[in-house]
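Q: Task: produce atomic coordinates for the following.
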Amino acid sequence: MRNLTILLFLGSMMAMSSVYARDDDAELTDNLFQNPSFEEGFTERDGFFIPEGWSLYAGAGENMALEPTDDAYEGETALIIRDGDPNTEIGISQEVEIEGGIAYEASAMVKALPEQTASGAHIQLRFLPSNEFVQVSLRRASRDEFTEISVRGVAEEGDTGARVYYYTHRSPTPQFIIDNVSLIGGVEPPPPSPPPIDPPQYETLKDLHIETDLVRDGAAVTPIVAPARYAAQAEQIADAIEAITGVRPEMITDDDERTPVPADGDHIENSFIVLGNRSTNAMIGELYNRFHTLLDLRYPGPGGHEVRTRHNPFGCGHNLVFIGGSDDGGVAAAADAFVERLAESDGAQGSLTIGWMREITLGEGVEFSHDPEEILHWDASAGYRSIGYFGWNSISKHMAAYYMTGDEYHAQEFLRLAFPDEQAKRDITRVDGERIENKDDPLGGPYHYNAHMMILFWDLIEEDPFFSDEDRLRITNAFSRQLEHEWREGRAPYSLQSPAQAVGTRHGQWSAMMLYCLSRYFARDYDDQIWQQGMLGSHMAFACLEEHSWVRGEADNLWWYNTGHAPILRYMLKKGWRGPMESGVLDELMRGQEILATGKSGDWDLRSASITFLHRAAYLYQDGRWLEYLRRTGVDTDVPRVGQSFWPEDHLEPEMPLDMVGDWSIHPMPEPQWAQRGTGFPLDESFLFGSFRSAPDETGDFILIDGHNEQSRNPYHCFAILELRIDGDTLLKGHRNQVLTRLDGMVEPQV
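A: Next up, the predicted model:
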C-alpha cells in the first residue's frame, strides 16, 4: 500500500461532483464497524495493543504506541495512539463491505493527550476498488474534552468495500485518544468539488436597476432612514414627496428592525433613503463597512454634501439613496438639493420614480490632483507612503477620484489605462510597475497586493451615465479574467471548502481579499457557481480565526506584523463578520501589535501600519489607544485622501495604553503552529515574542524578546533580545537582520 502521506487534494478528486445526490428514500445504515468503541478487547502484538476487529497500520518507528485507556468518551475503554517518531506513521484501519453509489461518513470522538496535540493525525476514508479517498485532519481536537470529527465521501457505483484509517502522518508527532468511531452509509453527500477555473465571458450585461420607486401605485415603498438629529431634513423630504404624489413616505430611525444590513446573499425588503454619514447613522455605518458608500467625517468634507443613488447593492432589485455630508450643515444641504431634484422629476399623483442621481459638493479644502502619483489614499503608512500598498494602483486611484469628485478626467483616464494603447502601457509601467502585472490586460491582471480596490470602485461607478453599456460589458469581462490570472499565479485560495490550517501570508491574505471582492460583485448579479465557490474559498482562508490565532503573516519579520494583520480587519468589515472578535482571537492578535510597540514615535514597530488599519482597530474596539499608535507613525492625516478614512468620532481621542505597563506581555504561540513545529518544547513554554515596559511611551525601561525563529527574511532571531531600553536610554536595538548595540556612546551594527 502506498504511503498515506499522499497529498490531500488528490483525494478530493474522488466522486464528489454534483452528479451525486442522496436518494430521499435512502435509509442510513447501521455503524458498519466491528468493535467501534473498543469495548471488545485488544490483541497484543509486538508491544502494540490492537483493538479486536482492527488492523495495525505502519508503526515501525521508535516511541510508537497503541494502548487502551479508561479515559473514554463513553463506556470503559478508548484507544490511545502515540506517535513519537517524525519519520514514520502509526494507526489502525478496518475494511468493510459497502454499497456503491451512495455517500458515507467516517467519524470519531477525539481528544489530545495532556501537553500534546492531534495535529498531524487524520481520518481517511478510502473506497475500493476505485481507490478514491477523502480525509480530514484531527487538529481541532481539544485536550480538555472529546471533539467529534468526521469526513464524508461518495463511493463510485462499482465500489464494494471501504477501508478507514485513523492514523498519523510522518511529522509532526501527535498523541491522542479516539473513541466511538463510526462508518455510516446513506448520509448527505459532501459538497461538490469546486468548479474548474474558467471565468465566464459574458455576452449580456446585468440589469443595472437604475430606477428607484419612491411611491408606486399610491403606496410609499421607500422609507426614509434618519436618526433624530436629522428629523427636520427627513420631514422636509417627506413633505416634498407628499406634495408631488399625495402619499407620505414612512420615516424610521436608524435602529429600526428593518435597517440592519444583510449578510452576503441575503436581501433587503425595499429601497431606502438614508440621511447622514457612517458616524451619525447606524445603517450608513454598516453600509460603509461593506463599501457601499464613502460618507464619513472626512468625505465630502466640511460643509460639503452628497446626493447619490446606489443601485441594487444586495442583488434583490432594491436601491439606496444617500443624502449625506460630513457634518450637519452638509446633510442639510444634501436634503435641499434632493428636494430640488424631486421638484424637477416626472412624478405624478400616486407615483414617483427617480433615476440615477449624483450631486457632489466637496467641502472646503478637499480636492484631488489629476496625477495618480499625487493622489493620496487613506491606506497610506509612514513606510509605504501613498505609492499604492496595499490595495491601490493608478487605475483604482482614478476610479476613486472620479467617484468622489465627478471629474470626468478621472473616468477618461480609467478607461485609457484599463484598455491601454502603447503610451498607456508605458504610463502603467512607469507609475505602477509590478502593481499591474499584465500591462496588456490591466483589469484582468493586477498584482494581488493591489487588486481589490479596483472592483470595489467599479461597483460604485458602474451605473454612471459616463459609461456606455459597451464599456460596462467590456470592463465586466476584463474583471472576470482576474480570477484566472490569480489562479495561474498560484495564489488564490479558490478551492478551499473547509477552514485553512492557518491564515496565510500577506500574499495569501490579499489574494483572498481580491477573491472575496471579485466574487461578491459577480455572485450578486451573475449566476455562476464559480463565484459562489470564490465566496466560500475566500472565507475559508480566514475562517480558522474562530478557533485559533495562527496567522502566518510575515513570519517573525516583526516590523511587518501589522501588514500581516491589516487584511483581517478589512475582510471582517467588508464581510460583516465578527467571528475573530467573538472567539477572542482578534484580541490576541491586536495585543501582539501592542507588545511590539516600543513607545517611540516614528519607530519600526508602526512604520508600516496604515491609517485605516489603526482607524479600523479604534472603530472595532472603540479604544483611543489605536489613535495614539497612529499619532506615533507621524503620517499626515490633515490632507485630502481618496478612499474610506474610518475617521473616528469626537469621543475617541488618543489614549496611552496604560494597561501595558508594569507586567510582561507575552504573545503566545497558537497550538496548531506549536504542533506543526514539533520543537519538543511544551506549549506553555513556547511563545512568539514578548515585552516588558515600565512606561507607556519612550521613557522608562523596555525589553523586547523574540521566542521563535521562522526564517524568512529574518534568519537570526531565536530567543533573542531585540530591544533593550533602560530609563529611556536605548542600549540595544534590533532591526531586520541586525542588532545595534550602544557601546561607549557609539552605535555599531552587530549581525
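Q: Restrict stretch 329-347 to CA atoms and write it as PDB.
A: Coordinates of each C-alpha in stretch 329-347 appear next as PDB, following Å, rounded to 0.1, in the frame of the first residue of the first chain:
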ATOM      1  CA  GLY A 329     -24.700  71.500   7.600                       C
ATOM      2  CA  GLY A 330     -23.700  69.200   4.700                       C
ATOM      3  CA  VAL A 331     -26.600  66.800   5.400                       C
ATOM      4  CA  ALA A 332     -29.000  69.800   5.400                       C
ATOM      5  CA  ALA A 333     -27.600  71.000   2.100                       C
ATOM      6  CA  ALA A 334     -27.900  67.500   0.600                       C
ATOM      7  CA  ALA A 335     -31.600  67.400   1.700                       C
ATOM      8  CA  ASP A 336     -32.200  70.800   0.000                       C
ATOM      9  CA  ALA A 337     -30.500  69.500  -3.200                       C
ATOM     10  CA  PHE A 338     -32.500  66.300  -3.200                       C
ATOM     11  CA  VAL A 339     -35.800  68.200  -2.700                       C
ATOM     12  CA  GLU A 340     -34.900  70.400  -5.700                       C
ATOM     13  CA  ARG A 341     -34.200  67.300  -7.800                       C
ATOM     14  CA  LEU A 342     -37.600  65.900  -6.800                       C
ATOM     15  CA  ALA A 343     -39.300  69.100  -7.900                       C
ATOM     16  CA  GLU A 344     -37.800  68.500 -11.400                       C
ATOM     17  CA  SER A 345     -39.000  64.900 -11.600                       C
ATOM     18  CA  ASP A 346     -41.800  63.400 -13.600                       C
ATOM     19  CA  GLY A 347     -43.700  62.300 -10.500                       C
END
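Q: average model confidence for it?
A: Mean pLDDT, stretch 329-347: 95.
Q: Also stretch 240-250?
A: 97.
Q: now the end-to-end length of that stretch.
A: Start and end residues of stretch 240-250 are separated by 13 Å (CA to CA, to the nearest Å).
Q: Any stretches of the protein with poor pLDDT?
A: Where the chain drops to pLDDT under 70, the residues are 1-26, 711, 713-719, 735-751.
Q: try 50
A: Scanning the chain for pLDDT under 50 picks out the ranges 1-23, 736-751.
Q: For the residue lying closest to Arg298 once chain neighbours are set aside, give its distance to Asn131.
A: Nearest non-adjacent residue to Arg298, counting by CB to CB, 6 or more residues apart in numbering: Ser645, 4.3 Å away. In short, each C-beta sits where N, CA and C put it, glycine included. In this structure, Ser645 and Asn131 are 57 Å apart, going by CB to CB, to the nearest Å.
Q: distance of the residue nearest the centre of the chain from Asp213?
A: The centroid of the chain falls nearest to Tyr571 when counting by CA atoms, centre = their mean (3.7 Å). Tyr571 is 34 Å from Asp213, where distance means CB to CB.
Q: Name all residues that make contact with the residue nearest to Arg298.
A: Contacts for Ser645 (CB atoms under 8 Å, 6 or more residues apart in numbering) come out as 296-299, 378, 611-612, 615.
Q: Am I right that it is in a strand?
A: No: Ser645 is assigned coil when assessed by DSSP: H, G, I helix; E, B strand; the rest coil, not a strand.
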